[in-house]
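Enquirer: sequence first, then the predicted structure, then my questions.
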Amino acid sequence: MKKLNQPFVNHLAITAVTLAALTACGGGGDSGSSFGGAGVGLGAPSTPVANNMDTAKNAPDDGVPTAAADATAAAVDRSAKPMELPDTVWPSNYKLWFRPDAALKTFVGRGDVEIEVLKPVDAIVVAAHNLNFAKGRTTLRKVSNPGVAIPLIPTPQTLGDFVQLRLNDGQIAKGKYLLHMEWDGKIQFSDAEYCPPAEVQRNPFCSAATGIFKVGLSTPEGVSSDAIVTQGETNYARQWFPGWDEPAFRHTFEISAEVPGDWKTVSNGAQKSAVKLPDGYQQVSFEKTPSMPMYLTFFGGGKFDILPDTFKNPLDGTDIPLRWFTPPGRSTWATFPMEWTKVAMDYYYKYTGIPLPIKKFDTIAANDSYNNKPNTGFGGMENWGAIFEFADAVLTKPGDKPTLYSVTVVTHEIAHQWFGDLVTLDWWDNVWLNESFARWFERRTTIKFHPEYYSFSDYVLDKHSVIVADLKNTAVPVQRNLNDAGSFGFISPSIFVYNKGSHVLETIQNYIGEEAMQKGLQIYLKDYAYGNVTPTRLWTSLEKASGGKKVSEIGDSFIRQTGIPLLTVDAQCAGDRTYVNITQESFPNQNLYPASTWNIPVTLAYGDAMDQRKTFVMSTNSTQLELPGCTAVLAGPTGQDYYVSNYSAQSWSDLLAKAQYFGANKPLLLNIERDAFRLLGVGRITQAQYDQIKNIVNLPAPILAKTELSQQKMVAQDAGAPEEYPHALRFQGNLKLRDNDKR
């Protein structure tokens, strides 16, 4: 992990005197603070407020006393720069408090943030959306002189959801500070007309499942009660609290709240206290989180039931409490997902060799499902240590069989605890580094532990669904060049960020091998833990583990381009040698910006029993090679690589004559048939050739049925049907175009 020359201490040990001087964050010490909003009833500062700029402007750089430094805190990796917020101010720890009103329509909040100003600035810039800053309640205190509160003036910028916190004169000096803010905001879904028809028509991804929003918890008998949960991805945490919500900023959070006294509450950290208040509310507080981006913060509260269990860490034998929060009367509905949680976590712990830096692991399921409300755009969210999922999709009534979606979404979100949470994308054009990995692991764990739900044959069918989408004029690269995409579902169609990216990862694993893939990902997670990742960092880690194989050239060529390569193999026997000519071209497509050449890892199967292998990287339009013996040749013997294979007429005949050697490999046979079907559709083989291929591979009836169903879904989507599991990541505002730098 790249470190700064000057280690950045990101946690400040504040003395009791300092704490007394601060406005309490968490409800303690100010009885009026529980009910305030927009500056009303929030209480007055307990220390003098500076009335001019000289104190900040002329003061020397602040330093943290040695005794005040938290030596156990790791330095935050700041080598990934923010895109929209300035990189001159960096937060290290955030103490957040909030309180919803009784009707769950609005809330008040406040925060104390430990920050470092790296050089003199005109203002501290924070992101905030639909938040009203309380008048006179935004202040700055030097760590070296916390008894003096310097007033700041919140001033919204005209473009974007950014607020400048300014002094009334001059600049804010370099140094370490304690920033205090208070605000009020809206709880989403309190207004049934949040997304009226006209807005939905303008923005199909309009949804109020952002910031703090209200859900219903319904019992099996239909008795409903209101609850609140949060959603921060991509930049919607700014509707909950002002701060630094780009993934480049990673810091710790200490969350507390005042909520109805009969609620059960949950957040990223373990709950450390719950104190009854005279008004029937309770004050709850949670332990400090690991260093993480703001979009992963979570709070949930309501009349949940809880299914508890324990996970035994296979790396050191320690126990971690597990909980599933469910609607009332439905805790037994979480029995299967709880068992699956333990199996999946055991797999990820062993695969990565890295334990999660959390004391507990919760999953929260709310079952409102937004009937008569707009689509939320997501099915689950990987909040660190507090996954959120929609109960109707994931909980299973006792006696019923879990759905495929309920199986995959659980392991998908758990995979994110490492791939997305422990290491995080640097900017949203690289969101595939989160989602492709979660999809890849979701499929592999389901195949391994629940093959009755998903097999490698299903993975082949998924690959061909991706291929069909990748040939259309709506295809986009896995790594998109984002600019002005706004909040209208910038990853749509999501099949590329999620599914195509996962098939690229599978292709790379087939090239370097499973052992090197695992070792490379362990390097990747270790080197960039609590930091940000880029494709270059991923490729470099895999190259280290694979002895320098050309992963970077391969990976970039697949994630930066649309379409899929078409390889044509012509193998001719002469004497005791087989001379193979292979050409690559772009499979016929409607791409707006079609690719022409890829760096393709090609594996050939050959030999009398087709059990010999030769692997190489093809980076030109044609290549020639020799193989021993007079042999048939097959490109892509796993059936999982992301290209389509065609053969000369003689090579097809020779290959099909060896079909008996592939009889046990149903995914490969299916891929041969699906490749042939793709080729028939663009006139590269005849109907007679396709019929011969289909008859010889002789797919079993269950696979034929799945193939037909898959084909029907693709036809339906061509006719305008929505994606089966749509994902619509939204961004508040307009996404900034990345500079042309190495990423």
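Expert: Nice, I can see it.
Enquirer: rest of the way, CA atoms for contacts and neighbours
Expert: OK.
Enquirer: residue 237 versus the residue lying farthest from the centre of the chain, what's the distance?
Expert: Centroid-distance maximum for the chain: residue 575 at 55.0 Å, with Cα atoms, centre = their mean. Distance, residue 575 to residue 237, using Cα to Cα, to the nearest Å: 69 Å.
Enquirer: now residue 509
Expert: On the measure of Cα to Cα, residue 509 and residue 237 end up 36 Å apart.
Enquirer: now residue 648
Expert: Distance, residue 648 to residue 237, by Cα to Cα: 56 Å.
Enquirer: ok, residue 402 next?
Expert: From residue 402 to residue 237 the distance is 32 Å (Cα to Cα).
Enquirer: please apply the same query to residue 278.
Expert: Residue 278 is 30 Å from residue 237, by Cα to Cα.
Enquirer: now residue 390
Expert: From residue 390 to residue 237 the distance is 19 Å (Cα to Cα).
Enquirer: these two - which one has more neighbours?
Expert: Using other Cα atoms under 10 Å as the criterion, residue 390 and residue 237 rank with residue 237 on top: 26 against 20.
Enquirer: surely residue 229 and residue 215 touch.
Expert: Yes. Residue 229 lies in contact with residue 215 (Cα atoms under 8 Å); the separation is 7.3 Å.
Enquirer: am I right that residue 529 is in a strand?
Expert: No. Applying DSSP: H, G, I helix; E, B strand; the rest coil, one finds residue 529 to be coil, outside a strand.
Enquirer: for it, give its distance to residue 420.
Expert: According to Cα to Cα, residue 529 and residue 420 sit 10 Å apart.
Enquirer: among those two, which residue is more densely surrounded?
Expert: More crowded of residue 529 and residue 420, by other Cα under 10 Å: residue 420, with 28 against 21.
Enquirer: mind pulling up the pLDDT for the closest residue in space to that one that isn't next to it in sequence?
Expert: Spatial nearest neighbour of residue 420, chain neighbours left out: residue 434 (4.7 Å); criterion: Cα to Cα, 6 or more residues apart in numbering. For residue 434, the pLDDT comes out at 97.
Enquirer: so is residue 434 in a helix, a strand, or just coil?
Expert: Assignment for residue 434 (three-state DSSP): helix.
Enquirer: and for it, the neighbour number?
Expert: 23.
Enquirer: can you tell me the helix or strand for residue 351?
Expert: According to DSSP states H and E, residue 351 maps onto helix 335-352.
Enquirer: so what does that helix touch, helix or strand wise?
Expert: Secondary-structure packing of helix 335-352 (3 or more Cα pairs under 8 Å, 6 or more residues apart in numbering; DSSP states H and E): strand 305-312, helix 404-416, helix 514-527.
Enquirer: again, only this time at 7 Å
Expert: helix 404-416 (3 or more Cα pairs under 7 Å, 6 or more residues apart in numbering; DSSP states H and E).
Enquirer: who's in contact with the helix it packs on?
Expert: 337, 341, 344-345, 380-382, 387, 393-394, 434, 438-439, 441-442, 446, 453 (Cα atoms under 7 Å, 6 or more residues apart in numbering).
Enquirer: any low-confidence regions in the stretch 301-450 of the chain?
Expert: For the stretch 301-450 of the chain, residues meeting the criterion pLDDT under 70 lie at 368-377.
Enquirer: now the strands for the stretch 401-550 of the chain?
Expert: Using DSSP state E, counting those that start in this stretch, the strands of the stretch 401-550 of the chain run over 423-425, 531-533.
Enquirer: from residue 132, how far off is residue 156?
Expert: On the measure of Cα to Cα, residue 156 and residue 132 end up 10 Å apart.
Enquirer: again with residue 100
Expert: According to Cα to Cα, residue 100 stands 15 Å off from residue 132.
Enquirer: which one of the two is surrounded by more residues?
Expert: Remark: of residue 100 and residue 132, residue 100 carries more neighbours, 23 against 18, as counted by other Cα under 10 Å.
Enquirer: grab the nearest non-local neighbour of the more buried one.
Expert: What sits nearest to residue 100 in space, not counting adjacent residues and going by Cα to Cα, 6+ apart, is residue 107, at 4.0 Å.
Enquirer: quick check, the one you found in contact with residue 131.
Expert: No. Using Cα atoms under 7 Å, residue 107 is not in contact with residue 131; the gap is 9.9 Å.
Enquirer: who touches both of these two?
Expert: Shared contacts of residue 107 and residue 131, defined by Cα under 7 Å, 6+ apart, comprise 184-185.
Enquirer: picking that back up, between the strands of the stretch 401-550 of the chain, which gets nearest to residue 555?
Expert: strand 531-533 (14.7 Å; Cα to Cα).
Enquirer: what's the closest one packed up against?
Expert: In terms of contacts (3+ Cα pairs under 7 Å, 6+ apart), strand 531-533 is packed against strand 423-425.
Enquirer: mind checking how far the nearest residue to residue 237 once chain neighbours are set aside is from residue 303?
Expert: Nearest residue to residue 237, sequence neighbours excluded (Cα to Cα, 6+ apart): residue 211, at 5.1 Å. Residue 211 is 20 Å from residue 303, where distance means Cα to Cα.
Enquirer: do the same with residue 85
Expert: Distance of residue 85 to residue 303, given as Cα to Cα: 38 Å.
Enquirer: what's the answer for residue 355, then?
Expert: 31 Å.
Enquirer: residue 220 too?
Expert: Residue 220 is 14 Å from residue 303, by Cα to Cα.
Enquirer: more neighbours: these two, which one.
Expert: Neighbours were counted for residue 220 and for residue 303 using other Cα under 10 Å; residue 303 has more, 22 against 12.
Enquirer: got the phi and psi for the more buried one?
Expert: Main-chain dihedrals, residue 303, degrees, to the nearest 10: phi -90, psi 60.
Enquirer: residues contacting it?
Expert: By Cα under 7 Å, 6+ apart, the residues touching residue 303 are 262-264, 328.
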